[in-house]
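K.L.:
Structure of the sequence below:
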Amino acid sequence: MRVSQKCKTSLIVPNEIGLHAQPAAMLARKAQQYDADIVMACGRKKVNAKSILGILTLCVGKGVRVAVTAEGHDAPEAILAIERLFACSFQDGLPAAEVGLP
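P.N.:
Numbering: from 1, shown residues only. The predicted structure follows:
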């Protein structure tokens, strides 16, 4: 039996250009690996974190704080994976396949 959990984290965007197309795509792809419903919020706007376009509509720049909430049986794992993306600025320390390199 799977138990639904709800987890939340608050993260600061580390990238110089903010959450532009490449990190938004990486974030959405990572979120899509989990069954949990994952929502990213900035201010009053909330979007599905599995949607590249949704993430881009937040127009999040460097240093801006975003809230990420995941709800589902794998919510803790999803939040941890997203925290890791932010911690390594969406590139350093990630396997080449996750960065989109051959």
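K.L.:
how about the strands in this protein?
P.N.:
Ranges of strands in the chain, per DSSP state E, are 5-12, 37-42, 45-48, 65-72.
K.L.:
how many neighbours does the residue lying closest to I12 once chain neighbours are set aside have?
P.N.:
Once flanking residues are discounted, I12 sits nearest to R65: 5.3 Å by Cβ to Cβ, 6 or more residues apart in numbering. C-beta coordinates here come from the backbone N, C-alpha and C atoms, glycine included. The number of residues packed near R65 is 12, by other Cβ atoms under 10 Å.
K.L.:
Surely I52 is in contact with A25?
P.N.:
Yes. With the criterion set as Cβ atoms under 8 Å, I52 and A25 qualify as a contacting pair; they are 5.2 Å apart.
K.L.:
about what we covered before: is the residue nearest to I12 in contact with M40, as I believe?
P.N.:
No. Using Cβ under 8 Å, R65 and M40 do not qualify as a contacting pair, with a distance of 11.3 Å.
K.L.:
Based on its surroundings, how many neighbours for the closest residue to V60 other than its chain neighbours?
P.N.:
Sequence neighbours aside, L19 is the residue nearest to V60 in space, at 4.4 Å (criterion: Cβ to Cβ, 6+ apart). By the criterion of other Cβ under 10 Å, L19 has 25 neighbours.
K.L.:
How about residues contacting stretch 77-96?
P.N.:
Stretch 77-96 is touched from outside by 7-9, 11-15, 22-23, 26-27, 30-31, 33-34, 36, 38, 49, 68, 70, 72, 99, 102, with contacts defined as Cβ atoms under 8 Å, 6 or more residues apart in numbering.
K.L.:
what comes up buried for that stretch?
P.N.:
Neighbour counts over stretch 77-96 (16 or more other Cβ atoms under 10 Å) mark 77-79, 81-82, 85-86, 90, 94 as buried.
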